[in-house]
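Chemist: Next one to model:
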Amino acid sequence: MMIGMAERTLAEQLGAEPPAGVAALDPAHQQDLADAVRAARRRQAAVLAKAGNDALKFVPALLRPAVRKAVGL
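Modeler: Below you'll find the predicted structure:
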């Protein structure tokens, strides 16, 4: 079964066990922190996508489709 990003634990979000101080938090606070990490990653992804698209303005129009494909935009 696939776990949705909203259902991931803090350890899954971080890709490692959280530091001892964070692991000592109660589960509700750990989930709040996991939610905050998820939200921050979504904002970061949006900003990076915008930056990538804005950077394409400096590429000649005829080359943009090839550049988009090459960089995965």
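Chemist: from here on, contacts and neighbour counts on C-alpha atoms
Modeler: Will do.
Chemist: Report the helix or strand with the lowest average pLDDT across the chain.
Modeler: helix 10-14 (a mean of 84; mean pLDDT, DSSP states H and E).
Chemist: How far off centre is it?
Modeler: Distance, stretch centre to chain centre, for helix 10-14: 12 Å (C-alpha atoms, centre = their mean, to the nearest Å).
Chemist: longest helix of this structure?
Modeler: helix 27-55 (DSSP state H).
Chemist: Show the subsequent helix or strand relative to it.
Modeler: Using DSSP states H and E, the helix or strand that follows helix 27-55 in sequence is helix 64-71.
Chemist: got a list of contacts for that next one?
Modeler: Helix 64-71 is contacted by residues Leu56 when judged by C-alpha atoms under 8 Å, 6 or more residues apart in numbering.
Chemist: if you set the cut-off to 10 Å instead, what comes out?
Modeler: Residues from elsewhere that reach helix 64-71 (C-alpha atoms under 10 Å, 6 or more residues apart in numbering): Gly52, Asn53, Leu56, Lys57, Phe58, Val59, Pro60, Gly72, Leu73.
Chemist: What residues does the fourth one make contact with?
Modeler: So that's Lys57. Lys57 neighbours (C-alpha under 10 Å, 6+ apart): Arg64.
Chemist: how near is it to Ala66?
Modeler: From Lys57 over to Ala66 the distance is 14 Å, taken as C-alpha to C-alpha, to the nearest Å.
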